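> Let's see this in three dimensions:
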Amino acid sequence: MEIKVDEKTCTGCSLCKNVCMYDAIEITGKLARINDNCIFCGACIDACKFKSIEITGIPEQDFDFSGYEGVMVFIEQHQGSVAEVSYELLSEGRKLADTLGTKLYGILPGYDLKERIADIFCYGIDRLYIAENEIFKNNIDDIYSKILVQAINRYRPDIFLGGATSFGRTLLPKVAAIIKTGLTADCTELSIDPDKKILLQTRPTFGGNILATIITRNARPQMATVRPHVMAKAAINQPDNNRTDNYLKYAGKIEFLKFDPLNFKTKYKLLSQEKESGQSINLTDYDVIVSGGRGIGGPDNFALIKELADVLGGVVGASRAAVDSNWISYPHQVGQTGKTVNPKVYIACGISGAIQHLAGMQTSDIVIAINKDPYAPIFKIANYGLVGDLFEIIPRLIKKIKSGKSSI
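Okay, the predicted model is just below:
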């Protein structure tokens, strides 16, 4: 494999040099030259406006994926309760399926599932495959992987999606390894290439400093896990109150998978389950989040952030910088290495807007930014921006809310 620069078309514009993460490109005499640091990542090829760079020596392969069709979503449940991220993925899967002109399928392993089936059909699913047995009562990835592999091999979906939950992050890589396909983990965006009709899987990389878009070129299905709360959950219709009976009207769209439970042996044994001790705050439970960053100056000033959160009926969040400085505990952290949230209102106080933080809150319905730097990146995604000293703005805002003169 070799990477070449066309000396006739290269202008030495430095676009390729600017995107190279490995210092592999030098501009000499208005010509890009590639040194031994190159790892053939291809970033320079995408950046070059003049198509002057190419990688040669890659064998062309022609794969026939005509037997693969549809978008399939792994519907994760815990003790009969469906994970919210599964509804989010069904909503996103519906969009992807419509773009491709294909169908949306769901695969639901579990036990005693009737009460949740009607809810699932509110999100535009065309067919639901159910594997119901007591062996799926506990979420053991070794057992779940076998039923997912069976379903994928039998129905051959073109795209397979799952949530990047603690369970999904252990389960889906195992499935991908067994069926020998690629898996893009922790995606924050999914779309379809309009020309090639393949899945574009976008996720933060290099510590969250850049967003990479990944494709699965030589295998099927195209698999991705998606972070909770980065996709909008949009029900197409609402179920009746009597959910247990309501699922019967969808019987024509439900298929119960046939399998032999004796074949689902595992070397693992669940001994017990314990709830996490310590702080139990869950940012995703709140419609209003007021977050503080490095700009608040110190731990004592989180009292002001909490006061604003309290008058709005919300909760306190924080940037990684504030948590790393030990100003507030980790359960409050929003961002790539913290919680991904999508509240109705997100107020960022003294937060500049690093890409790692934006990845965790940019899907909020309304973003309000308070920062003394008018050029802070947070203002690029904010619906409303207040430029000034937060120690002057927030007390005045609290006073007006308490007096009833203004509300958010």
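> residues in contact with the residue nearest to Y22 when sequence neighbours are not counted?
Distance criterion C-beta to C-beta, 6 or more residues apart in numbering; nearest residue to Y22, sequence neighbours excluded, is N37 at 4.7 Å. All C-beta spots, glycine's among them, are computed from the backbone N, C-alpha and C. Contacts for N37 (C-beta atoms under 8 Å, 6 or more residues apart in numbering) come out as Y22, D23, A24.
> What strand or helix carries F63?
F63 belongs to no helix or strand when assigned by DSSP states H and E.
> What distance do you get for E2 to D46?
Applying C-beta to C-beta, to the nearest Å, the value for E2 to D46 is 18 Å.
> and what of D112?
49 Å.
> ok but the residue nearest to Y22 is inside a strand, no?
No: counting by DSSP: H, G, I helix; E, B strand; the rest coil, N37 is not part of a strand but coil.
> what pLDDT does it get?
With respect to pLDDT, N37 scores 88.
> Next: Q356.
In this model, Q356 carries a pLDDT of 84.
> separation between it and D365?
Distance of Q356 to D365, given as C-beta to C-beta: 21 Å.
> Pick out whichever of these two has more residues nearby.
Using other C-beta atoms under 10 Å, the more surrounded residue of Q356 and D365 is Q356, with 19 against 12.
> which SS state does that one fall under?
Taking three-state DSSP, the label given to Q356 is helix.
> Now do it against Q336, distance only.
Noted for Q356: a distance of 4 Å to Q336, by C-beta to C-beta.
> now the helices for the stretch 101-250 of the chain?
In the stretch 101-250 of the chain, helices defined by DSSP state H, counting those that start in this stretch lie at 114-120, 141-155, 168-179, 243-246, listed in chain order.
> Quick one: closest of those helices to G385.
The closest of these to G385 is helix 168-179. By C-beta to C-beta, the value is 35.3 Å.
> buried sites along that closest one?
For helix 168-179, burial by neighbour count (16 or more other C-beta atoms under 10 Å) applies to G168, L171, L172, P173, K174, V175, A176, I179.
> any idea how far the fourth one is from A322?
Noted for P173: a distance of 32 Å to A322, by C-beta to C-beta.
> Kindly report the same for the second one.
The span separating L171 from A322 equals 33 Å under the rule C-beta to C-beta.
> for the fifth one, same thing?
Distance check for K174 against A322: by C-beta to C-beta, it reads 36 Å.
> Can you add distance to A151 and give the buried residues of helix 168-179 back as JSON lines?
Compiled in JSON lines, those are given as follows (distance: C-beta to C-beta, whole Å):
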{"residue": "G168", "distance to A151": "16"}
{"residue": "L171", "distance to A151": "13"}
{"residue": "L172", "distance to A151": "13"}
{"residue": "P173", "distance to A151": "17"}
{"residue": "K174", "distance to A151": "14"}
{"residue": "V175", "distance to A151": "10"}
{"residue": "A176", "distance to A151": "14"}
{"residue": "I179", "distance to A151": "11"}
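> Can you tell me which of these is nearest N301?
Comparing these against N301 with C-beta to C-beta places G168 closest, at 37.0 Å.
> which residues does that closest one contact?
G168 neighbours (C-beta under 8 Å, 6+ apart): F74, E76, V85, G162, T225.
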